[in-house]
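Student: fold the stuff below for me.
(one chain, ligands or ions: 1)
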Amino acid sequence: MTDKPMKVGIISCSGEAIPGGTIARVACRKVLDDLRPTQCVTICLPLFIAGGEEERMFANTYPTITVDGCEKRCAALGTEKLSARPAGTLIVAEILRKRGLCPITKLRGLGAEEKDAAQAVAEEIAAAIDEILGAE
Ligand code: SF4
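Tutor: Presented below is the predicted three-dimensional model:
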């Protein structure tokens, strides 16, 4: 018997006006579809804020990782305020800095730089999920 959680909720910010917000969402999708499809679920931030009971209950019961497009940290602050402190909080710009990647400035379309950035963020999310779930 183990107390380890089976799944992690990932909550992306929903910024459209800042390029990092798009990268955060694309990265979360990548994790959900390709990198850790059975170990995570996504939680819709707007519904969460609007009062989605299931979303809030999930975030209260299971560990969450928030992924924010900029230092305003809307997903992290919203999750903590409305439910519980996230187990992990990631910010796109910090990940790109850490990986030596250029900041993303394009608001529309995903070119090679944006795809690399989304991949880097997705890998960091996957690593955070592994750490929380205690994977090897
Ligand atoms: S964290 Fe930044 S990019 Fe994301 S919703 Fe908030 S202001 Fe927009």
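Student: residue nearest the centroid of this protein?
Tutor: Val67 (3.2 Å; Cα atoms, centre = their mean).
Student: and that residue, that's in a strand?
Tutor: Yes. Counting by DSSP: H, G, I helix; E, B strand; the rest coil, Val67 is part of a strand.
Student: how far does stretch 10-26 stretch from start to finish?
Tutor: Counting by Cα to Cα, to the nearest Å, you get 12 Å between the two ends of stretch 10-26.
Student: any idea how far Ala118 is from Val41?
Tutor: 19 Å (Cβ to Cβ, to the nearest Å). Where C-beta positions appear, they are placed from N, C-alpha and C, glycine not excepted.
Student: so between these two, which is more surrounded?
Tutor: Legend: neighbour count by other Cβ atoms under 10 Å for Ala118 and Val41, higher for Ala118 (22 against 15).
Student: what sits against that one?
Tutor: Neighbouring residues of Ala118 by Cβ atoms under 8 Å, 6 or more residues apart in numbering: Ile23, Val26, Ala27, Lys30, Leu110.
Student: which one of those sits closest to the ligand?
Tutor: Ile23 (9.3 Å; Cβ to the nearest ligand atom).
Student: Ile95: which element?
Tutor: Taking DSSP states H and E as the criterion, the element that holds Ile95 is helix 92-98.
Student: and the ligand, is that helix touching that?
Tutor: No. Helix 92-98 lies out of reach of the ligand by Cβ under 6 Å from any ligand atom, never closer than 8.1 Å.
Student: ok, residues contacting that helix?
Tutor: So helix 92-98 is contacted by 20, 23-24, 27, 67-71, 102-104, 117, 120-121, 124 (Cβ under 8 Å, 6+ apart).
Student: cutoff 6 Å now
Tutor: With Cβ atoms under 6 Å, 6 or more residues apart in numbering as the test, helix 92-98 has contacts from Gly20, Ile23, Ala24, Gly69, Ala117, Ala120, Val121, Glu124.
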